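>>> build me a structure from this.
(one chain, ligands or ions: 1)
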Amino acid sequence: MLRVEDVYFAEESDPKKTVRQYFDQFKLSGFKWTNKNLVKWFVRDTPERLKNGINLEDLTHDCATAFKEWRRWSTIRFRPTPEDSEEEADIVIQMTDKPPKTTGWTSWKAGVLAVGHYPIDSIGKIAGDIYVNSKDFIWRSWQKGKELGLAFKSIWYDFFSMILHEIGHTLGIGHSDDAKAIMAPYYKRVPKPYILAQDDKNAIIAAYGKNTNWSQKLQDRITRNKLDLK
Ligand SMILES: [Zn+2]
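Model prediction:
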């Protein structure tokens with residue numbers, strides 16, 4: 001049986017769920033990138049991306065920022081592949097009007113924003129790939145969306161918030177019960193610059209080990225920046 005995430009629903013929150021506070025709320029899928037200390041990613045441009053209206057540079061920038069945030073806390077490293085070498089990529093990210101075959105769906109299920117595949121060897125090349133639903137949702141880079149003003153806010157979804165979540169899956173992390181975690185199964189728009197929730201950090205460290213090169217000084221500076229935003 002193939003295991004595919006998501007179901008990552010579009011609702012801002014699930015009123016049926018109570019927010020619980022546990023230390024370990026993340027779940028690991030049991031799959032992870034092995035034999036690799038460098039995972040390569042690639043954004044496949046599609047006609048759907050153009051139709052959706054998100055700028056390719058913005059989209060790629062959001063992906064790079066999201067990879068950087070997961071990398072910050074763990075030993076796993078990422079690198080974008082050049083435009084002409086998609087075949088080298090471990091993780092391919094694309095916007096598409098059709099869900100991947102692995103879901104068994106003929107069209108996108110209502111409310112599903114994207115699907116991120118766990119790094120499962122047996123599913124072949126699609127392992128780690130991310131399919132973003134461009135049929136039912138308008139995607140914008142957070143920065144650009146902001147410039148367009150509040151009136152626009154209600155109809156677009158933040159590409160960065162979504163891709164940060166989906167990358168978590170491609171690294172082997174499942175959904176979290178912690179509502180503050182980016183790996184909670186419901187979309188939320190996160191502020192920028194963004195720092196992963198403690199639960200997400202615990203998950204990535206459990207899977208790949210802690211990034212010990214991360215200096216306390218830099219960490220303090222980031223914490224300060226985050227506080228300044230409030
Ligand atoms: Zn998910």
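
>>> list the buried residues for stretch 74-87?
Within stretch 74-87, the residues that count as buried by 16 or more other C-beta atoms under 10 Å are S74, I76, F78, T81. In this view, the C-beta of every residue, glycine as well, is placed from N, C-alpha and C.

>>> err, stretch 137-145, not the other one
By 16+ other C-beta under 10 Å, the buried positions in stretch 137-145 come out as F137, W139, R140, S141, W142, G145.

>>> which strands or helices does the longest helix along the chain pack on?
Looking across the chain with DSSP state H, the single longest helix is helix 56-73. Applying 3 or more C-beta pairs under 8 Å, 6 or more residues apart in numbering; DSSP states H and E, one finds that helix 56-73 makes contact with strand 38-44, strand 77-80, helix 142-147, helix 159-170, helix 198-208.

>>> state the pLDDT value of I126.
I126 carries a pLDDT value of 91.

>>> number of residues surrounding it?
For I126, the neighbour count with other C-beta atoms under 10 Å is 16.

>>> state the phi and psi torsions of the residue nearest to it when sequence neighbours are not counted.
Nearest non-adjacent residue to I126, counting by C-beta to C-beta, 6 or more residues apart in numbering: H117, 5.7 Å away. Here is the backbone geometry of H117 (degrees, to the nearest 10): phi -90, psi 140.

>>> double-check H117 against L171; I have them as touching.
No. H117 is beyond contact range of L171, at 11.0 Å (criterion: C-beta atoms under 8 Å).

>>> any low-confidence regions in this structure?
Low-confidence segments of the chain (pLDDT under 70): 1-25, 35-36, 144-154, 214-230.

>>> my guess is M95 contacts L50, does it?
No. At 9.1 Å, M95 does not count as touching L50 under the criterion of C-beta under 8 Å.

>>> next up, the contacts around R189.
W142, Y157, D158, S161 (C-beta atoms under 8 Å, 6 or more residues apart in numbering).

>>> you'd agree T102 is in a helix?
Yes. Per DSSP: H, G, I helix; E, B strand; the rest coil, T102 lies within a helix segment.

>>> I figured it hits K125, correct?
No. When contacts are counted by C-beta under 8 Å, T102 is not listed as touching K125 (11.4 Å).

>>> more neighbours: those two, which one.
Neighbour count, other C-beta under 10 Å: between T102 and K125, T102 has more, with 18 against 10.

>>> that older thread, can you tell me what sits against the longest helix of the chain?
Here helix 56-73 has contacts from 41, 43, 45, 49, 76-78, 80, 93, 95, 139-144, 159-160, 163-164, 167-168, 171, 192, 194-196, 201, 204-205, 210-211, 214, using C-beta under 8 Å, 6+ apart.

>>> run the angle between that helix and strand 38-44 for me.
160 degrees (axes from the mean of the first three to the mean of the last three C-alpha atoms, to 10 degrees).
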